[in-house]
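Visitor: need a structure here:
(2 chains)
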Protein chains: 2
Amino acid sequence: MSKRVLIIYAHPEPSSLTRQLVDVSVECLTAQGHEVLLSDLYAMGWKATFDEHDFPERANLERLSFGAESAHAYRHRRQSADVAAEQDKVLAADAVIFQFPLWWYGMPAIMKGWIDRVWAAGLAHGYKDAGNTYRYGDGAFKGKRALLSVAVGGPAADYSPRGINGPIEQLLFPITHGSLYFPGFDVLPTFAVYGTGNLTAAQATAAKEAWRTRLKDLFTDAPIPFRPQNGGDYTPHNELKQHVAVGQTGIMVHIASGETAQPQPHETKVAL
Amino acid sequence: MSKRVLIIYAHPEPSSLTRQLVDVSVECLTAQGHEVLLSDLYAMGWKATFDEHDFPERANLERLSFGAESAHAYRHRRQSADVAAEQDKVLAADAVIFQFPLWWYGMPAIMKGWIDRVWAAGLAHGYKDAGNTYRYGDGAFKGKRALLSVAVGGPAADYSPRGINGPIEQLLFPITHGSLYFPGFDVLPTFAVYGTGNLTAAQATAAKEAWRTRLKDLFTDAPIPFRPQNGGDYTPHNELKQHVAVGQTGIMVHIASGETAQPQPHETKVAL
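Guide: Next comes the predicted model:
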């Protein structure tokens, strides 16, 4: 079935591996019959910094509170036009793919600024003005899929389970879990190409082939099994219940390892 | 003994808690006899996006490679003036403090862009043009201290060892370990204030008092005991040796106290 896919892309160089992988995305998804929307952040001159210009009609001119102004601007449709346009694209999409080079173990600033600005209060957090009720598996983007595609300069060994940088999926947890699963996306395991500083032509070809395979399964691959906030694993204070992941702590406990039940129906969390 | 401390600060609102904590830093460090340098990123209009304008005299006009151009610009002193000025401040400082609100589990884009742009090749990575030789405990910033001071909107329980967001020190690992320990800093445990969305005056006062205490110990507190790359714990492929943190994987194995106890962030818990 035809779907709509939004690509958020952050690299200014047309011959970069990141851009080559974006081209593969457009070609492959279009060939599958999907509609592709592309936000080429560098080409758009995307404003990275979240500041007072994001709120053309302030609720409070005395004091700039990002949370309060973001909620006010979103609710009253007084956001800056570039932000509203990106939100419309996300809301229209069935899946969002982020394609970027890993810079200092995170997104380039221009893409972090896309998250900072587009993820408005009332939409990506504080959904339905219900505080933290709709979060981690619930929220405005529930039912959509998200996927990170990262070009990593360093060698894969540095990102192995005992590699010195840490495993890529743990380094990206603030993004996959904190920025994408939080507002409701089902997040797929990250696609990473390593050693991009000096790929051979054959390695680049292999990377693009591997990416094609991932794109074919975009709507069928199993997402990372993050535990839903309202699925029964958490206390009312949003801490894991004692019988879940017994004795364990840290970010990885929020990924179900098979011992938990399926997410509860929508009605469960409304009762919270 | 008098030292020099650089503060990198990212919030545009003069009455924000972040700014109040910056004011405490300046007052407290000055009273201790230290010299304070302040980079107020919003006031400076800091350019967040790392792009071709960072390289006024390109080595290669055909293709923009950030790594190659950054190394070339740094080596030949052809960087943009704002970047060179920040590097000079860091090199002159004995400690660098980053003060920011936690946005989507990371730095605001304007501060991520400070890292992206200021951490040049040849300086913060690829030091001495020796690839990955000087890294994680070695590097240009060896002997300096770094400290994050974050204002967190959500409640402390969400960041507790089994809280739904994940522990703050693990969420910030890409910054503390990946962006600061990597180029040589000794990184202190993070100072975090929670529930900043609706602090009472008394809670804000308590947070500032806790921050004063941390500042007094800036040059004596024990840093997070990250394992040095060249300290004997890693193989030549930069994976932990088998006898170290036996059978464990993930980001936390790179903290030496894994054998004893996990270091906890110094946090101010606010009852909401």
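
Visitor: Now do the buried residues in the strand or helix carrying A:Gln203.
Guide: Here A:Gln203, judged by DSSP states H and E, is contained in helix A:201-216. Judged by neighbour count using 16 or more other Cβ atoms under 10 Å in any protein chain shown, the buried positions of helix A:201-216 are A:207-208, A:211, A:214-215. In this view, the C-beta of every residue, glycine as well, is placed from N, C-alpha and C.

Visitor: What average pLDDT does that helix get?
Guide: Mean per-residue pLDDT for helix A:201-216: 97.

Visitor: do it and chain B meet?
Guide: No. Shown here: helix A:201-216 not in contact with chain B (Cβ under 8 Å from any Cβ of the partner chain), separated by at least 14.2 Å.

Visitor: from the chain's centre, how far out does that helix sit?
Guide: Mean C-alpha position of helix A:201-216 versus that of the full chain (Cα atoms, centre = their mean, to the nearest Å) differs by 21 Å.

Visitor: same thing with stretch A:214-225?
Guide: Per Cα atoms, centre = their mean, the centroid offset for stretch A:214-225 relative to its chain is 14 Å.

Visitor: near chain B at all, stretch A:6-22?
Guide: Yes. Contact of stretch A:6-22 with chain B (Cβ under 8 Å from any Cβ) involves A:12-13, A:15-16.

Visitor: For stretch A:161-178, measure first residue to last.
Guide: In stretch A:161-178, first residue to last residue: 21 Å (Cα to Cα, to the nearest Å).

Visitor: Please disregard the earlier target; I meant stretch A:40-48.
Guide: Termini of stretch A:40-48 sit 13 Å apart (Cα to Cα).

Visitor: Can you name the residues in contact with it?
Guide: The list of residues contacting stretch A:40-48 from outside it, by Cβ atoms under 8 Å, 6 or more residues apart in numbering or on different chains, reads A:8-12, A:22, A:39, A:53, A:82, A:109-114, A:117, B:48-49, B:51, B:109-110, B:113.

Visitor: please redo it, this time with the cut-off set to 6 Å
Guide: Stretch A:40-48 is contacted from outside by A:9-10, A:12, A:109-110, A:113, B:48-49, B:109, using Cβ atoms under 6 Å, 6 or more residues apart in numbering or on different chains.

Visitor: one step back: of the buried residues of helix A:201-216, which is the nearest to chain B?
Guide: A:Ala207 (17.1 Å; Cβ to the nearest Cβ).

Visitor: where does the closest residue to that closest one other than its chain neighbours land on pLDDT?
Guide: Of all residues beyond its chain neighbours, the one nearest A:Ala207 is A:Val193 (4.4 Å), with distances taken as Cβ to Cβ, 6 or more residues apart in numbering or on different chains. Looking at A:Val193, its pLDDT reads 98.

Visitor: How many neighbouring residues does A:Val193 have?
Guide: As a burial measure, A:Val193 scores 23 neighbours (other Cβ atoms under 10 Å in any protein chain shown).

Visitor: hang on, the earlier thing: then the helix holding A:Gln203 to PDB, C-alphas only?
Guide: The C-alpha coordinates for helix A:201-216 follow below in PDB (Å, rounded to 0.1, in the frame of the first residue of the first chain):
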ATOM      1  CA  ALA A 201      33.900   2.600  -3.800                       C
ATOM      2  CA  ALA A 202      33.000  -1.100  -3.100                       C
ATOM      3  CA  GLN A 203      32.300  -0.400   0.500                       C
ATOM      4  CA  ALA A 204      30.000   2.600  -0.400                       C
ATOM      5  CA  THR A 205      28.200   0.400  -2.900                       C
ATOM      6  CA  ALA A 206      27.700  -2.300  -0.200                       C
ATOM      7  CA  ALA A 207      26.500   0.400   2.300                       C
ATOM      8  CA  LYS A 208      23.900   1.600  -0.200                       C
ATOM      9  CA  GLU A 209      22.800  -2.000  -0.900                       C
ATOM     10  CA  ALA A 210      22.300  -2.600   2.800                       C
ATOM     11  CA  TRP A 211      20.300   0.600   3.000                       C
ATOM     12  CA  ARG A 212      18.000  -0.500   0.200                       C
ATOM     13  CA  THR A 213      17.300  -3.700   2.100                       C
ATOM     14  CA  ARG A 214      16.400  -1.700   5.200                       C
ATOM     15  CA  LEU A 215      14.100   0.600   3.100                       C
ATOM     16  CA  LYS A 216      12.200  -2.400   1.700                       C
END
